[in-house]
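show me the folded form of this:
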Amino acid sequence: MPVRAALLASVVATALAVAQPVRAQDSGDGFLFQRPSGSWSLHGGFAKPSAGSDLFSFTTTNLTVSRGDFSALDYGADLAFAITPRLDLVLDVSHSGMSKGSEFRNFVDNNQLPIQQTTSFQRTPVTLSARYYLTARGRQIGHYAWVPNRIVPYVGAGAGAMNYGFDQKGDWVDNTTLAVFPDTFHSSGWAPMAQLLAGVEWSMGPGWALRTEARYLTAGATPSSDFPGFHRIDLSGVNTNVGFFVRF
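Purely as a prediction, here's the structure:
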């Protein structure tokens, strides 16, 4: 968690530093004195992992956990720099995570009590993406005024790395002896990833706007030795979010 928090804090701090010129550019009359060179954004939404690999199937089959339980709130920040009037280069960091208590579906202990455990799943993607606007973001009036368009759709793609953690802690059943034993299983690390994205921006003023976006992330990682016999952990999924951004 400290790694994820540090990444988010770093992006937000950098964004706040570069965003200071916005106030000076904003005339207060619906335009900026020049075309923005970038933006910074804070966003929040919902992350729905695909949870398609055999480790997730084992968990949902044997424990009282459903595939939908791996979904979670998502939050993050990004910093964008305009390469051309319609193309941005975007650095983004986001995080989502869940924790779900459960019990074995088909076993109880010697006292006829549930055999309980907790499953946690965390994902923190760090990506560099190209964001292309399908229409012009604004128009230049004379030499000193730039007026943003009200609604602008965009698409994009990118790549990066995802930090993940998959943990299961509690009581378990030995398949051979049916004995109940306590244990903790953990797998974490970094995995390469790619993403596709699409969204729409609504200008609320010359210096700031709202953005809604959907992303498809694809990634996978080899589980640790705590999970022998399992294939790659599926880290893919769909994220949707809404946020605000400030032009600079």
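
send me stretch 79-96 as CSV with only the CA atoms.
C-alpha atoms of stretch 79-96 as CSV (Å, rounded to 0.1, in the frame of the first residue of the first chain):
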residue,chain,number,x,y,z
LEU,A,79,-1.2,14.4,-15.9
ALA,A,80,-1.5,15.2,-19.6
PHE,A,81,0.7,17.2,-22.1
ALA,A,82,-0.6,18.4,-25.5
ILE,A,83,1.5,17.0,-28.3
THR,A,84,-0.7,18.5,-31.1
PRO,A,85,-4.0,20.3,-30.9
ARG,A,86,-5.8,16.9,-30.9
LEU,A,87,-3.3,14.6,-29.2
ASP,A,88,-2.3,14.3,-25.6
LEU,A,89,0.4,12.2,-23.9
VAL,A,90,-1.1,11.1,-20.5
LEU,A,91,0.6,9.7,-17.4
ASP,A,92,-2.0,8.0,-15.2
VAL,A,93,-2.0,6.3,-11.8
SER,A,94,-5.1,4.6,-10.3
HIS,A,95,-5.9,2.1,-7.6
SER,A,96,-8.7,-0.3,-6.7
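
go through that stretch and flag the buried ones.
The neighbour-count check on stretch 79-96 (16 or more other CB atoms under 10 Å) flags 79-80, 82, 88, 90-96 as buried. Using the backbone N, CA and C atoms, a C-beta is placed for each residue, glycine as well.

make CSV from those and add secondary structure, distance to Tyr144 and pLDDT to it.
CSV is the format used below for these (DSSP: H, G, I helix; E, B strand; the rest coil; distance: CB to CB, whole Å; pLDDT from 0 to 100):
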residue, secondary structure, distance to Tyr144, pLDDT
Leu79, strand, 26, 98
Ala80, strand, 23, 98
Ala82, strand, 18, 97
Asp88, strand, 23, 98
Val90, strand, 28, 98
Leu91, strand, 30, 98
Asp92, strand, 32, 98
Val93, strand, 35, 98
Ser94, strand, 37, 98
His95, strand, 41, 98
Ser96, strand, 43, 98
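
which two among those residues are spaced furthest apart?
Spatially, the most separated pair among the buried residues of stretch 79-96 is Ala82 and Ser96, at 28.3 Å (CB to CB).

residue ranges with poor pLDDT in the protein?
Where the chain drops to pLDDT under 70, the residues are 1-31.

which of the buried residues of stretch 79-96 lies closest to Ala47?
Checking the buried residues of stretch 79-96 against Ala47 by CB to CB gives Ser96 as the nearest, at 3.7 Å.

and the nearest residue to that closest one once chain neighbours are set aside, bridged to which residues?
Leaving out its chain neighbours, the residue that sits closest to Ser96 by CB to CB, 6 or more residues apart in numbering is Ala47, at 3.7 Å. As for beta bridges, Ala47 partners with Ala72, Asn239 under DSSP bridges.

and which of the buried residues of stretch 79-96 is nearest to Val65?
Proximity of these to Val65 (CB to CB) peaks at Ser96, which lies at 16.6 Å.

distance check, that closest one against Gly220.
17 Å (CB to CB, to the nearest Å).

that concludes my questions; thank you for your assistance.
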